Each structure stands twice: as C-alpha cells, then as structure tokens.
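> A predicted structure for the sequence below; I have some questions about it.
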Amino acid sequence: MQHEAARTSPTFFLCVGRPAPMSAAGAPCGNFAETLPTEMSVRIFGELDALSLCSAARTCRLWHDIIEQTEQLWRRQCLLVRAVCQREVDRDRRDGLSWKVTLVRNYSRSCVKSDWLRGRYSSVSSADELIGRRMTPLDSETWGEILQSELDR
C-alpha cells in the first residue's frame with residue numbers, strides 16, 4: 001500500500017543564514033515578501049520585536065526597503081519604549097524626529113531604566129559591580145524616579 005504525500009501549500013519562513021525553505025513538492029519557496037502584498041509583509045514584520053525588526057532589515061534589500069519605509073512598524077516599537085521613557089520619547093517627537101530615530105535614541109535608555117525601576121540594581125554596593133553591564137546616560141528626572149522606587153521598595 002502506497003502512501004501519497006500530503007499536498008500542502010508552500011510554507012514561508014523567516015530564515016536568516018539558512019538554505020531556502022522547500023515546499024512539499026520540493027521547489028524552493030522563495031522570499032515571502034516577493035510573493036505577498038506589501039501590506040501582508042508589513043503585518044508579518046509587525047509581529048517582531050525591535051531587535052528582530054532591525055535584524056530583518058539587514059536580511060535583504062526588499063525587506064530593508066519595506067521595513068525602512070513603514071513608519072507604523074517603528075511607531076509600534078517606539079510606543080512600547082514610551083511606556084518606560086515617556087518624557088524622552090515625547091520630547092524627541094516634538095522635536096520632529098521620526099519614529100525610527102526616536103526608537104534608536106531611546107531603546108537602550110528604556111532597557112536600563114526599566115532594569116533600575118524593577119530593582120535589578122538594588123543590591124549593588126559599588127560601581128565595580130556595574131562593570132560590563134549595559135549603561136546609558138539618564139537625566140535627573142529619571143534618577144529621581146529610580147531613587148523614589150528604591151525608597152518605595
């Protein structure tokens with residue numbers, strides 16, 4: 001008794017550094033962004049976090065162009081950063097910076113500020129313990145927030 005291979009439609013993957021995926025028929029699937037309407041590619045890229053979005057933009061020229069030209073992708077990521085760095089993001093947007101530039105300027109700051117506010121550095125007893133950890137300049141208002149959260153703990 002012979003089993004027939006299940007007929008499935010080609011599946012598209014976000015593969016970086018791997019051979020092109022194959023369909024069930026054994027043919028290369030190709031780049032999903034070449035096949036799908038741009039709006040669908042944008043929806044797929046919209047599921048990525050900020051670091052993955054930046055990596056995807058370096059994958060190929062088409063992905064780069066789609067990602068770079070779609071402000072809504074950068075806006076979504078920037079609004080996540082704004083949850084931690086509202087004052088900084090709002091200031092950059094008032095100054096006319098694009099969503100992408102605003103994200104780049106504030107991403108590291110939001111990660112560090114979030115770590116401080118969650119108490120990740122509460123038990124640090126000297127500056128030597130911070131060597132090798134990611135740091136970024138923070139303004140006096142942010143330090144006030146951090147100190148207040150330490151007092152509240």
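Nice, I can see it.

> secondary structure element for the residue nearest to Leu97 when sequence neighbours are not counted?
Leaving aside its chain neighbours, Leu97 sits nearest to Arg105 (7.2 Å; criterion: Cβ to Cβ, 6 or more residues apart in numbering). Where C-beta positions appear, they are placed from N, C-alpha and C, glycine not excepted. In this assignment (DSSP states H and E), Arg105 forms part of helix 99-117.

> Which other helices and strands does the helix or strand just after that helix contact?
Next helix or strand after helix 99-117 toward the C-terminus (DSSP H and E): helix 140-152. With contacts defined as 3 or more Cβ pairs under 8 Å, 6 or more residues apart in numbering; DSSP states H and E, the packing partners of helix 140-152 are helix 99-117.

> Break this structure down into its domains, please.
Per automatic domain parsing, the domain ranges recorded for the chain read 16-69, 85-118+133-152.

> hey, least reliable of these by pLDDT?
The weakest mean pLDDT among these belongs to domain 16-69, with a mean of 81.

> Good, we can wrap up now.
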